[in-house]
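Colleague: sharing a model that was predicted from the sequence below.
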Amino acid sequence: MERVSFPPLSRVAICGGTHGNEMSGVYMVREMQKRKVDQAGSASITTVLSNPRAVDACRRYIDQDINRCFTDALLSAPLTDSSPYELRRAKELNAQLGPKGSQEAVDLLCDIHNTTSNMGLCLILYSVDYITLHIYKYIQSKMTSTPVRAIQLDIPLPEAYSFESVGKHGFALEVGPQPNGVVRADIYNMVKEAVDLTMEWLQAFNSGSSFEGGEVEAYTTERSVDYPRDPTTNEITAAIHPQLQDNDFKLLRPGDPTFLTFSGETVKHEGEELYPFFINECAYYEKKIAFHLAKKITLNFPSISGHSVSDGHF
Ligand SMILES: [Zn+2]
């Protein structure tokens with residue numbers, strides 16, 4: 001693949017509190033604001049507490065999940081008196097950091113999340129974006145304290161629903177395990193290290209460094225699995241099986257246990273071999289998801305370099 005040259009990433013947003021009870025991002029953003037971090041080399045940094053009312057209430061959201069509000073359809077729908085708070089706030093954020101899909105949008109948006117699942121550090125990426133793939137490769141090569149993985153969502157930009165899709169390039173940092181409303185130093189440090197490495201990469205890129213292409217592994221969702229339920233009451237009748245619990249990204253084979261019913265029976269995985277993740281994520285009970293199942297894919301990407309305005313290309 002040929003080397004691809006990109007203009008500098010001069011406007012960057014670091015966001016947390018998109019889900020108000022995911023504390024790493026809340027404290028990371030507050031700390032950066034306290035220290036008045038607004039510059040990384042030549043790039044300007046904006047720090048944003050995305051859902052302040054949910055943060056105050058220490059809840060995932062007030063009216064609805066804001067991280068499902070950033071589709072073109074929802075962002076362009078008119079507000080009414082009965083519009084949910086998160087839809088109003090999504091429009092504000094889109095005005096501040098977007099508009100999504102436009103030249104005015106920030107160059108890079110990093111949105112910090114926590115999961116109650118044992119997923120280590122994951123970057124969630126939309127489609128194939130050479131910038132975010134290079135950041136992923138860089139973080140992965142430098143971080144030794146935890147596994148670093150990528151989850152690729154194959155969704156066209158207009159339908160992309162999460163906050164990071166507002167930036168020209170963007171990714172979510174999903175780090176766990178951490179209970180909702182709790183801040184753990186080990187998880188906080190993973191987030192801090194990933195944000196610092198992103199800034200380090202950005203400054204090298206903006207000063208004209210080249211980065212070798214290559215390939216990385218990523219996970220792409222095949223399907224989601226719900227808990228076993230009572231057909232009349234719809235209540236769940238089982239918990240994640242102890243042999244599956246905390247084994248995110250460990251290949252699940254046909255016949256492997258997935259659930260243990262409250263009456264003591266083991267439910268087994270059926271179908272093809274796939275990789276489970278977001279196992280027993282607290283926020284997904286209401287979404288009727290016990291875990292997702294993914295395929296592992298390989299993504300190839302070219303060498304890239306940043307060039308300054310003085311290169312004369314732009
Ligand atoms: Zn979240």
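Modeller: It's in. Residues are numbered from 1 along each chain as shown.

Colleague: hang on, residue 199 is in a helix, isn't it?
Modeller: Yes: residue state for residue 199 (DSSP: H, G, I helix; E, B strand; the rest coil) corresponds to a helix.

Colleague: measure the closest residue to it other than its chain neighbours to residue 246 for me?
Modeller: Closest residue to residue 199 apart from its sequence neighbours, by C-beta to C-beta, 6 or more residues apart in numbering: residue 40 at 4.4 Å. Every C-beta, even on glycine, is put in place using the N, C-alpha and C of the backbone. For residue 40, the distance to residue 246 equals 35 Å [C-beta to C-beta, to the nearest Å].

Colleague: so between these two, which is more surrounded?
Modeller: residue 40 (18 against 14; other C-beta atoms under 10 Å).

Colleague: my guess is that one meets residue 204, correct?
Modeller: No: under the criterion of C-beta atoms under 8 Å, residue 40 makes no contact with residue 204, lying 10.7 Å away.

Colleague: need the contact list for the closest residue to residue 138 other than its chain neighbours.
Modeller: Nearest non-adjacent residue to residue 138, counting by C-beta to C-beta, 6+ apart: residue 201, 4.6 Å away. Under the criterion of C-beta atoms under 8 Å, 6 or more residues apart in numbering, the neighbours of residue 201 are 134, 135, 138, 139, 211.

Colleague: kindly identify which of those residues also come near the ion.
Modeller: Contacts with the ion are made by none of the contacts of residue 201, judged by C-beta under 5 Å from the ion.

Colleague: identify the farthest-apart pair in these.
Modeller: 139 and 211 (12.5 Å; C-beta to C-beta).

Colleague: and the closest residue to residue 243 other than its chain neighbours, how far from the ion?
Modeller: Leaving out its chain neighbours, the residue that sits closest to residue 243 by C-beta to C-beta, 6+ apart is residue 257, at 4.8 Å. Distance of residue 257 to the ion, given as C-beta to the ion, to the nearest Å: 28 Å.

Colleague: residue 179 too?
Modeller: Taking C-beta to the ion, one finds residue 179 at 13 Å from the ion.

Colleague: next, give phi and psi for the residue nearest to that residue when sequence neighbours are not counted.
Modeller: Of all residues not flanking residue 179 in the chain, residue 116 sits nearest, at 5.8 Å (C-beta to C-beta, 6+ apart). Note on residue 116: backbone dihedrals following degrees, to the nearest 10 are phi -80, psi -10.

Colleague: what do you get for residue 109?
Modeller: phi -130, psi 120.

Colleague: let me know the pLDDT of it.
Modeller: Note on residue 109: pLDDT of 98.

Colleague: re the thing from before, kindly state the beta-bridge partners for the residue nearest to residue 199.
Modeller: residue 43 (DSSP bridges).

Colleague: kindly provide the distance from it to the ion.
Modeller: 24 Å.

Colleague: before we move on, what about residue 127?
Modeller: 20 Å.

Colleague: the ion contacts on the stretch 51-200 of the chain?
Modeller: So far as C-beta under 5 Å from the ion goes, the stretch 51-200 of the chain lies against the ion at residue 113.

Colleague: where do the helices sit along the stretch 51-200 of the chain?
Modeller: 52-57, 72-76, 85-97, 130-142, 185-206 (DSSP state H, counting those that start in this stretch).

Colleague: pull up the per-residue confidence for the residue nearest to residue 138.
Modeller: On pLDDT, residue 201 comes in at 97.

Colleague: for residue 307, same thing?
Modeller: pLDDT at residue 307 comes out at 74.

Colleague: my read: it touches residue 5, true?
Modeller: Yes: judged on C-beta under 8 Å, residue 307 makes contact with residue 5 at a distance of 5.3 Å.

Colleague: hmm, back to that, which of the helices of the stretch 51-200 of the chain is buried the deepest?
Modeller: Mean neighbour count (mean count of other C-beta atoms under 10 Å) peaks for helix 130-142 among the helices of the stretch 51-200 of the chain, with a mean of 21.
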